[in-house]
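Q: With the sequence up front, the predicted model follows.
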Amino acid sequence: MPIVVRIDVELAKRKLSVGEFAELVGLTPANVAVLKNGRAKAVRFSTLEAMCRVLECQPGDLLEWVPDEP
């Protein structure tokens, strides 16, 4: 998958658990795990905004495009 989700990196930087993060963002821990593991098919802008607000970061800190190898 060319989009890599870096939520785990930002959580580690801030020493936040998935459960704490989920509660602050307003998601279930299971939904955070789906996002964190790159299994989500879509992310609402409101969810992305909440994640950035809680982590005090930019969307590009959470999502990275990596080109497929030919």
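A: All right, it came through fine.
Q: Select the longest helix from this protein.
A: When the chain is parsed with DSSP state H, its longest helix is helix 45-55.
Q: Now do the strands in the protein.
A: For the chain, applying DSSP state E gives strands covering 3-5, 63-65.
Q: Against which helices or strands is the first one packed?
A: Under the contact definition 3 or more Cβ pairs under 8 Å, 6 or more residues apart in numbering; DSSP states H and E, strand 3-5 sits against strand 63-65. Backbone N, C-alpha and C define where each C-beta goes, glycine included.
Q: Tell me which residues of the strand it packs on come out buried.
A: residue 63 (16 or more other Cβ atoms under 10 Å).
Q: Over to stretch 26-33?
A: Across stretch 26-33, burial judged by 16+ other Cβ under 10 Å covers 27, 32.
Q: can you tell me how far the closest residue to residue 4 other than its chain neighbours sits from residue 2?
A: Using Cβ to Cβ, 6 or more residues apart in numbering and skipping the chain neighbours, the partner closest in space to residue 4 is residue 64 (4.7 Å). From residue 64 across to residue 2, the span is 9 Å (Cβ to Cβ, to the nearest Å).
Q: With residue 21 instead?
A: Distance of residue 21 to residue 2, given as Cβ to Cβ: 25 Å.
Q: ok, back up a step: so can I have a markdown table of the strands of the chain showing distance to residue 41 and mean pLDDT?
A: As requested, the strands of the chain are exported to a markdown table (distance: least, Cβ to Cβ, whole Å; pLDDT from 0 to 100):
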| stretch | distance to residue 41 | mean pLDDT |
| --- | --- | --- |
| strand 3-5 | 11 | 92 |
| strand 63-65 | 14 | 94 |
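Q: just to revisit the earlier point, name the residue in residue 21 and residue 2 with the higher neighbour count.
A: Shown here are residue 21 and residue 2; by other Cβ atoms under 10 Å, residue 21 has more neighbours (20 against 8).
Q: Flag every buried residue along the longest helix of the chain.
A: 47, 51-52, 54-55.
Q: same check, this time on stretch 15-22
A: 16, 18, 21-22.
Q: which outside residues touch that stretch?
A: Stretch 15-22 has contacts (Cβ atoms under 8 Å, 6 or more residues apart in numbering) with 7, 11, 24, 28-29, 31-33, 36, 54-55.
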